[in-house]
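# dropping a prediction and its sequence here:
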Amino acid sequence: MTGGLVGAVTDETTTAGELAAAVEAAQSAFERGRTATPATRAAWLEAVADGLAQDAETLVEIAARETHLGVPRLEGELNRTVFQLRLFAAEILQGEHFDATIDHADPAWGMGPRPDLRRYNVPVGVVGVFGASNFPFAFSVMGGDSASALAAGCAVVHKAHDGHRGLAARTAETVTAALAASGAPSGLFSLVTGRRAAEALVDHPLVKAIGFTGSTAGGRALLDRAAARPEPIPFFGELGGINAVFVTPNAWAARRDEILAGYAGSFTLGMGQFCTKPGLLFIPAAGSAGETEEARRVLAGALAGFTPAQLLSERLHGGYRDAVRGLSGADGVEVLLEGDFAEAPAPTILRTTADAVRRDPALLKQEMFGPASLVVEYTDGAELPGLAELLEGQLTTTLQAEEDDDVTELGARLTDISGRVLWNGWPTGVTVSYAQNHGGPYPATTSATTSVGTAAIRRFLRPVAYQSFPAARLPEPLRDSNPWNVPQRVDGVWRRPSDPVPGTETGGRP
């Protein structure tokens, strides 16, 4: 192949013709593989996991060279990616994502005779996925979007992030080789590069959904493009957030130094380039200049062992500098702990007041993608629910509180605006699990879904009902004999595969 397709580690970009060919090959692969059994599909995911694990040394070496991220961090991220693939493989073997539901014909149904109806979830088709800059493994070529789309039964065309093209190409080569060796249809996964390919990917009529992790501006542009198609398609965008942390007066009195130390470690983790970085910390106002100086001393001590590193790219470094300078120059904002904009920047902490943010709520919406954060001082804990009202949608919000604090009203407001609410923790670090939710109201994300955890698979499925079909023509998950051994809800009652299955496949109540 040539240009920006798999196999080329160059600065060339995918042409319009190459993009069309990749999407068409993905559609063909989807059609050939859409009826694969859960065991077969799980084996494909396991093969990709094995391939990435076996190529780990080379992949981490390339990633370290292209992203400035340390080897331990990258090794951990690649391990997470491999674990995620294996978890998804196990999940689809369970079959719960099918949501197989069977209503046998019932002449005595309360609203009148009911026909035989059976519904389950089917894969949407070809999915376009956009990789992120800050997680070159976990949210990139074979990150959560690609892995969950493949687990759902879709084909994937991945648009590589320009910040690590060499890694993207090598990862894609590893993935496609593993899929081929496991017997998956050719074209089930492919890689494209360049802005024109990105736009054409969203526009292509065979593409049925988009997964995106990136900036609010870039995500909104692609969301609008997806909605403007003759056939609009779902756009699952994770756009980041400010991830506000609220400290109650009681918690501040009991654990001030502990809270400040946790905050310092969290907002600087990964040089502040996590989408879950706490960008806002609401604390009680200092009663004197001495108290402010003491808080500054504690923060400086907590950051004393911090080793700065380069940001992901020069472009991101410039954006970080501009954001910090812009916010620090706003009315009512001052520098609490001064950093710098060196090649490896030292952390910056800004300070403002509740009165200032009420006058200008935009202060709470400025993301500083790097090692900087804003402290907001309030005078009374009763202010916190109202301050939370000023926030946009968040990936996470956090309560630092004591057991006897009445945070009912504040907690309800945080639930309204957040995808994940934490109690006495810190938002950086998003485990991959069954109950995880990594999402939130706009602008955190563009949908009411999660991009992390097993529930992410369901984004790329849609329900189809079959009415009065002959038994032999029903999809396997909807047959009474349940040949795929998936959970089924039969006439309103959930049955696990181990449960005895009464009746036949010809309709009517068993």
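Now that the structure is in, tell me what you want to look at.
# walking through the stretch 101-250 of the chain, point out its helices one by one.
Remark: helices assigned in the stretch 101-250 of the chain by DSSP state H, counting those that start in this stretch are 144-152, 165-181, 195-203, 216-228, 249-267.
# got CSV for the ones you listed, with distance to L188 too?
Where C-beta positions appear, they are placed from N, C-alpha and C, glycine not excepted. CSV is the format used below for those (distance: least, Cβ to Cβ, whole Å):
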stretch, distance to L188
helix 144-152, 7
helix 165-181, 6
helix 195-203, 16
helix 216-228, 22
helix 249-267, 38
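# among these, show me which one is buried the most.
The highest average neighbour count among those, using mean count of other Cβ atoms under 10 Å, belongs to helix 144-152 at a mean of 29.
# which helix in this structure has the most residues?
helix 71-94 (DSSP state H).
# how far is it from where the chain is centred?
With Cα atoms, centre = their mean, to the nearest Å as the basis, helix 71-94 stands 14 Å off its chain's centre.
# what's that helix packed up against?
Here helix 71-94 touches helix 38-54, helix 56-67, helix 144-152, going by 3 or more Cβ pairs under 8 Å, 6 or more residues apart in numbering; DSSP states H and E.
# could these be laid out in TSV, adding mean pLDDT and distance to F460?
Listed next are the helices and strands packed on helix 71-94 as TSV, based on pLDDT from 0 to 100; distance: least, Cβ to Cβ, whole Å:
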stretch	mean pLDDT	distance to F460
helix 38-54	98	13
helix 56-67	96	25
helix 144-152	98	4
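# which one of those lies nearest to V493?
helix 38-54 (22.4 Å; Cβ to Cβ).
# buried residues in the closest one?
Across helix 38-54, burial judged by 16 or more other Cβ atoms under 10 Å covers 38, 41-53.
# and of those residues, the nearest to P136?
L52 (12.3 Å).
# how does this structure divide into domains?
Domain assignment for the chain, taken from automatic domain parsing, gives 38-103+122-239+450-460, 244-423.
# quick one: end-to-end length of the longest one, please.
So the one you mean is domain 38-103+122-239+450-460. End-to-end span of domain 38-103+122-239+450-460 (Cα to Cα, to the nearest Å): 16 Å.
# how close does the closest residue to A178 other than its chain neighbours sit to S182?
Counting by Cβ to Cβ, 6 or more residues apart in numbering, G51 is the residue found nearest to A178 once chain neighbours are left out, at 3.3 Å. Note on G51: its distance to S182, by Cβ to Cβ, to the nearest Å, is 9 Å.
# bridging residues for K159?
Taking DSSP bridges as the rule, K159 bridges to F130, V192.
# I'd say it and S140 touch.
No - between K159 and S140 there is no contact under Cβ atoms under 8 Å: 10.4 Å.
# what's the overlap in contacts for these two?
Common contact partners of K159 and S140 (Cβ atoms under 8 Å, 6 or more residues apart in numbering): G131.
# coming back round to it: wait, which of the buried residues of helix 38-54 is closest to H68?
Comparing those against H68 with Cβ to Cβ picks out L52 as the nearest, at 21.4 Å.
# ok, the closest one - contacts?
So L52 contacts 59, 78, 81-82, 85, 142, 171, 174-175, 178 (Cβ under 8 Å, 6+ apart).
# turn the residues you listed into a markdown table, columns for distance to A22.
Listed next are the contacts of L52 as a markdown table, based on distance: Cβ to Cβ, whole Å:
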| residue | distance to A22 |
| --- | --- |
| L59 | 22 |
| L78 | 25 |
| T81 | 22 |
| V82 | 25 |
| L85 | 22 |
| M142 | 16 |
| T171 | 16 |
| T174 | 18 |
| V175 | 14 |
| A178 | 18 |
